[in-house]
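Trainee: Requesting a structural model of the entry that follows:
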Amino acid sequence: MKPEIIVSALDLERLEGLLHNPNMRNRRDLDGLRTELDRAEVREAADMPPDVITMNSRARVREHPSGRERELTLVYPGNIGEGYVSILTPAGSALLGMSVGQKIDWPTVEGREVHLEVLEVVRQPEREGDFDL
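Mentor: So this is what the prediction gives:
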């Protein structure tokens with residue numbers, strides 16, 4: 001069973017706009033993101049709990065069973081860099097809306113799954129009053 005997720009109305013609006021772009025509209029590989037958005041509880045950006053991963057949030061996660069910890073930033077396509085995860089990847093759509101303490105199975109590009117636990121939301125734009133990202 002997938003954990004409950006919360007998405008800001010602002011992120012939802014931006015992501016739906018991205019998914020309705022003619023270049024994205026018929027991509028079957030984005031069905032996972034569509035499903036996540038459909039099942040999410042939606043809240044106004046100003047009402048987002050501070051421990052939820054939103055777009056442009058940076059979170060600290062732990063891999064199980066290895067115990068390895070790392071920080072990841074959930075980003076829109078085109079933003080690349082060490083520790084960045086695009087929302088258009090299966091892993092990115094899985095992280096959206098997760099909160100501290102929740103666990104997911106993270107699909108890797110090699111086709112295996114890694115079990116991740118959200119330990120901390122290090123930076124969340126909504127918590128900082130930054131709604132223009």
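Trainee: wait, isn't Thr73 in contact with Ile87?
Mentor: No - if you go by CB atoms under 8 Å, Thr73 and Ile87 don't touch, sitting 10.9 Å apart. C-betas here are computed from N, CA, C, even on glycine.
Trainee: Which one of those two is surrounded by more residues?
Mentor: Regarding Thr73 and Ile87, a neighbour count based on other CB atoms under 10 Å identifies Ile87 as having more, with 24 against 19.
Trainee: Ramachandran coordinates for that one?
Mentor: phi -60, psi -20 (degrees, to the nearest 10).
Trainee: just Asp130 next, same as before
Mentor: The phi/psi pair for Asp130 (degrees, to the nearest 10) is phi -100, psi 100.
Trainee: Report all helices and strands that the longest strand seen in the chain contacts.
Mentor: If you go by DSSP state E, the chain has its longest strand at strand 113-123. Where contact means 3 or more CB pairs under 8 Å, 6 or more residues apart in numbering; DSSP states H and E, strand 113-123 is packed against strand 58-64, strand 69-75, strand 103-107.
Trainee: I'd like to know which of those strands is closest to Arg25.
Mentor: strand 69-75 (21.1 Å; CB to CB).
Trainee: List of residues touching that closest one?
Mentor: Under the contact criterion CB atoms under 8 Å, 6 or more residues apart in numbering, strand 69-75 has outside partners 53-63, 81, 83-87, 92, 95-96, 119, 122-123.
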